[in-house]
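Participant: Below is the sequence, then the predicted model.
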Amino acid sequence: MSVTSGLVMKGFAFALAGGASLAAPLVLAESVDFLDPPRAAATAAPEVARDAAPEMAEDYTPQDTRPLARLGARLAYNDALGTVVGATVASDRLFNDRGRLRFGIEASEDSLAYDLDLSMDAAGGSPVFGLGISADRSEANDLFAFDSESVRLTPRLTWDLGAGRSVATYLSFSRAEISNVSATTSALIRADEGSRTRTALGLRYSWLDRTPGQSRLGQRHDLVLELGQTSEDHDFLLLQAKSAASWSFAGDAVRLTTRFSAGTLHALGGESHVGDRFVLGQASLRGFAFGGYGPRDIAVADEPALGGNSFAVARVDAQFPHAFGDAPVLPGVFLDVGSLWGLDSTAGGIAGADPVDDSARLRASAGVSMEFDTGVGKLQLNAAVPLQKEDYDEVENFSLSFQTSF
């Protein structure tokens, strides 16, 4: 989400954990994978479609048999960065079961990111104190013609409202820098070269319902409001919403999952930075590469993605658990639609004299998914075909990922 807010490359299931954006570090934290959050342009890590079917319910584990720690690993391949690997360690049994810890690391040939989150129920009830720390560094690649690095600190307080509802307030302090910007890339990116700090105050409301109904398996809704400013005189208001639900029909012969995610970054003063704006890809709209759609400066040779101030995406998945009998295979079909748009300045080209088209243009894709239980982990394959796209969009028809925990 934002170079300025400390990009957390969450291409995997570790908040790339709280999944947020630099613009909103707590934006729709993904204790349950509903829809991968958009990522900041300055993040060199690609999005990885990891949530074809959100897990609406967790296995119950008796209190006295819970493991001290849980380890996880993830492997994926992306055209932009090649092989990407990630690992996580998590525990909810610290300090006599009052503390929870989560640490994740993700790496590719050109990037490295860390994410640490600690929460403490010191008083035995609300509020629960939490602290998030993240850092990342990436080198110029085929996607972004600059190096980037950032660090972010996010303390928070969370109140449990009961019935799966909670509200959290947080502060975000970050420092980020982009450097070695190509001299032949867009003037809109060259203008953002250098370092800056960012401070923001945020509020998040979440509702998670894991109680199955007659056909509903579960649902989750999140709303984030953030107000902040940067050292570059950019004052902003960020709004982001996410909603997801899953149903089961015909004796669990069909599982239907719907997801909706939207956000907007409104400038109260100044202009958004390339690291502030949303950048979408496979994890949000399958069939498109990370940074593959939305405003793009086609007047320069590398035609860089610029991100957008606003986005809206809807996804529908239908899966068929018993299509192959008892075989450990879960096939499905899906339809994704969405758009990414809006820039505070459209003065693109080498010299800033070529206007960039930042209008809202619909994209859509359809495809098939296949999930395999290998016995040692879950292998996820998506094959998508864009139904609606622009000539300059970058397509990515296939995505593959593997994850395991132990």
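Facilitator: That came through, no problem.

Participant: Helices of this protein, residue ranges please.
Facilitator: Per DSSP state H, the chain carries helices over the ranges 187-190.

Participant: Count residues in the vicinity of residue 269, would you?
Facilitator: For residue 269, the neighbour count with other C-beta atoms under 10 Å is 9. In short, each C-beta sits where N, CA and C put it, glycine included.

Participant: ditto for residue 199
Facilitator: Count around residue 199 with other C-beta under 10 Å applied: 15.

Participant: Quickly list what it is bridged to.
Facilitator: Bridge pairing for residue 199 (DSSP bridges) gives the partners residue 173, residue 229.

Participant: What separation do you get for it and residue 274?
Facilitator: Counting by C-beta to C-beta, to the nearest Å, the gap from residue 199 to residue 274 is 19 Å.

Participant: which parts of stretch 306-325 are buried?
Facilitator: Of all the residues in stretch 306-325, those buried under the rule 16 or more other C-beta atoms under 10 Å are 306-315, 317, 319-321.

Participant: Show me how far that stretch is from its chain's centre.
Facilitator: Its chain's C-alpha centre and that of stretch 306-325 lie 14 Å apart, by C-alpha atoms, centre = their mean, to the nearest Å.

Participant: Give the closest residue to residue 137 in space, chain neighbours not counted.
Facilitator: For residue 137, the nearest residue in space outside its immediate sequence neighbours is residue 149; the separation is 4.2 Å by C-beta to C-beta, 6 or more residues apart in numbering.

Participant: Need the pLDDT of the one you found.
Facilitator: On pLDDT, residue 149 comes in at 94.

Participant: ok, it touching residue 134?
Facilitator: No. Using C-beta atoms under 8 Å, residue 149 is not in contact with residue 134, being 11.6 Å away.

Participant: Between these two, tell me which one has more neighbours.
Facilitator: Taking other C-beta under 10 Å, residue 149 and residue 134 do not tie; residue 134 has more neighbours (29 against 20).

Participant: From residue 172, how far out is the more buried one?
Facilitator: 10 Å.

Participant: Which residues are in contact with residue 301?
Facilitator: Contact analysis of residue 301 by C-beta atoms under 8 Å, 6 or more residues apart in numbering lists residue 184.

Participant: distance of it from residue 349?
Facilitator: 11 Å.

Participant: Now do the same contact list for residue 311.
Facilitator: Residue 311 sits next to 38, 261-264, 278, 280, 284, 294, 338-341 when contact means C-beta under 8 Å, 6+ apart.

Participant: for the nearest residue to it once chain neighbours are set aside, what are its contacts?
Facilitator: Excluding its sequence neighbours, the residue lying closest to residue 311 (C-beta to C-beta, 6+ apart) is residue 340, at 4.5 Å. Listed by C-beta under 8 Å, 6+ apart, the contact partners of residue 340 are 278-280, 293-295, 307-308, 310-311.

Participant: Likewise for residue 393?
Facilitator: 288, 292-293, 363, 386.

Participant: try 7 Å this time
Facilitator: With contacts defined as C-beta atoms under 7 Å, 6 or more residues apart in numbering, residue 393 is in contact with 288, 292-293.

Participant: quick one, phi/psi of residue 309?
Facilitator: Main-chain dihedrals, residue 309, degrees, to the nearest 10: phi -80, psi -20.

Participant: Now it: closest residue in space that isn't a chain neighbour?
Facilitator: In space, and not counting its chain neighbours, residue 309 is closest to residue 342: 3.7 Å by C-beta to C-beta, 6+ apart.

Participant: ok, now residue 381?
Facilitator: Leaving out its chain neighbours, the residue that sits closest to residue 381 by C-beta to C-beta, 6+ apart is residue 370, at 4.7 Å.

Participant: tell me the contacts of the one you found?
Facilitator: Contact analysis of residue 370 by C-beta under 7 Å, 6+ apart lists 329, 331, 381.

Participant: try residue 369
Facilitator: Contacts of residue 369 by C-beta under 7 Å, 6+ apart are 52, 317, 332, 334, 381-382.

Participant: Quickly list what it is bridged to.
Facilitator: With DSSP bridges as the rule, residue 369 is bridged to residue 332, residue 382.

Participant: so how far is residue 283 from it?
Facilitator: 13 Å.

Participant: and the contacts of residue 369 as a markdown table, adding pLDDT and distance to residue 129?
Facilitator: Compiled in a markdown table, these are given as follows (pLDDT from 0 to 100; distance: C-beta to C-beta, whole Å):
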| residue | pLDDT | distance to residue 129 |
| --- | --- | --- |
| 52 | 29 | 34 |
| 317 | 98 | 36 |
| 332 | 97 | 40 |
| 334 | 98 | 39 |
| 381 | 93 | 41 |
| 382 | 93 | 38 |
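
Participant: Now the two most distant members of those.
Facilitator: Pairwise distances across the contacts of residue 369 (C-beta to C-beta) peak at 13.7 Å, for the pair 317 and 381.

Participant: For residue 120, see how far away residue 315 is.
Facilitator: From residue 315 over to residue 120 (counting by C-beta to C-beta), the distance is 35 Å.

Participant: And residue 185, by the same measure?
Facilitator: 44 Å.

Participant: between those two, which one's more packed in?
Facilitator: Neighbours per residue (other C-beta under 10 Å) separate residue 185 from residue 120, with residue 185 holding more: 20 against 15.

Participant: so what pLDDT did the more buried one get?
Facilitator: 94.

Participant: Need the nearest residue in space to it, chain neighbours excluded.
Facilitator: residue 145 (4.7 Å).

Participant: ok so, going back, Throw the contacts of residue 369 into a markdown table and include distance to residue 91, thanks.
Facilitator: Converted to a markdown table, the contacts of residue 369 look like this (distance: C-beta to C-beta, whole Å):
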| residue | distance to residue 91 |
| --- | --- |
| 52 | 28 |
| 317 | 31 |
| 332 | 33 |
| 334 | 34 |
| 381 | 31 |
| 382 | 32 |
